[in-house]
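>>> please find the sequence and the predicted model below.
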Amino acid sequence: MQPIKTQPNIGNRFLAGFIDYLIIYTVTFVLIFAIGEPNDEGGYSLDGAQAFIPMLFWLAMTVGLESGLGGTIGNSLVGLKAIPLSGVNRNLTFIESFKRHLLDPVDMFFFGLVGIVTIKNTEMNQRIGDLWGKTIVVPMKSLNENVTD
C-alpha cells in the first residue's frame, strides 16, 4: 500500500463545511421557531432540555455520520473523506471525529481564514481540528487508487 498523499482541497473542504453547516443551521432555526418560546427580545429561544436538541443534531450530523457512515453529507457530496493520520482507510472513531469537529468554530473563524492558513502551512494539509484529532482529509478517489495498486 502506498502512503496517502494529502492535498489542500481548500475549495472542496470549504464547500463541504458550507453544506454541512447550512443544514445544521437551517434545522436549528426551524427548531427554534417551531418549538421555541417567545422571549423578551421579540425572538424565540429553547430552554431546558429543548436547548440540547440542536447540540444533539450537530453531534449526529458531524460526529455521528463521520464515525458511523464514513463521512458527513458535505464531504460525501464533494468526494472527500476524513481518515486517521496513519492513512488507514477506515471510518474515524467517535473520539477522533469529535475532536476534529469540536474545533470547527476555531477553524471557521473569520470566514475560514484560520482553517485555510493552517491547511496551507501544515505538512499533511490539516486544520486545527485535524491536528488535535490526528486526522487527515483526502479525496475518496485517492483511497480507491491505493486499494487497486
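Nice, thanks for sending it over. Note that the structure is a prediction, hence the values are computed from the model and not measured.

>>> any stretches of this structure with poor pLDDT?
For the chain, applying pLDDT under 70 flags the ranges 1-3, 145-149.

>>> can you map out the helices along it?
For the chain, the helices defined by DSSP state H occupy 10-35, 52-59, 65-69, 73-78, 94-102, 104-107, 109-120, 128-133, 140-148.

>>> outside of the second one, which residues touch it?
Contacts to helix 52-59, defined as Cβ atoms under 8 Å, 6 or more residues apart in numbering, come from residues 24, 27-28, 31-32, 35, 46, 98. Placement of C-beta: from N, CA and C, glycine included.

>>> can you give me how far that helix is from the chain middle?
Its chain's average C-alpha position is 14 Å from that of helix 52-59, according to Cα atoms, centre = their mean, to the nearest Å.

>>> tell me the angle that helix makes with helix 10-35.
Computed by axes from the mean of the first three to the mean of the last three Cα atoms, to 10 degrees, the angle separating helix 52-59 from helix 10-35 equals 160 degrees.

>>> flag every buried residue along helix 52-59.
Within helix 52-59, the residues that qualify as buried are 54, 57-59, counting by 16 or more other Cβ atoms under 10 Å.

>>> quick one: that helix to helix 94-102, angle?
Using the same axes, to 10 degrees, the inter-axis angle of helix 52-59 relative to helix 94-102 is 110 degrees.

>>> CA atoms only for helix 52-59 - export them in PDB, please.
What follows is helix 52-59 as a C-alpha-only set of coordinates in PDB (Å, rounded to 0.1, in the frame of the first residue of the first chain):
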ATOM      1  CA  PHE A  52     -29.900  20.200  23.900                       C
ATOM      2  CA  ILE A  53     -31.800  19.300  20.700                       C
ATOM      3  CA  PRO A  54     -29.700  21.500  18.400                       C
ATOM      4  CA  MET A  55     -26.500  20.200  20.100                       C
ATOM      5  CA  LEU A  56     -27.500  16.600  19.600                       C
ATOM      6  CA  PHE A  57     -28.400  17.300  16.000                       C
ATOM      7  CA  TRP A  58     -24.900  18.900  15.500                       C
ATOM      8  CA  LEU A  59     -23.400  15.800  17.100                       C
END
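
>>> with respect to residue 125, which of the buried residues of helix 52-59 is nearest?
Among the buried residues of helix 52-59, residue 58 lies closest to residue 125 (Cβ to Cβ), at 24.6 Å.
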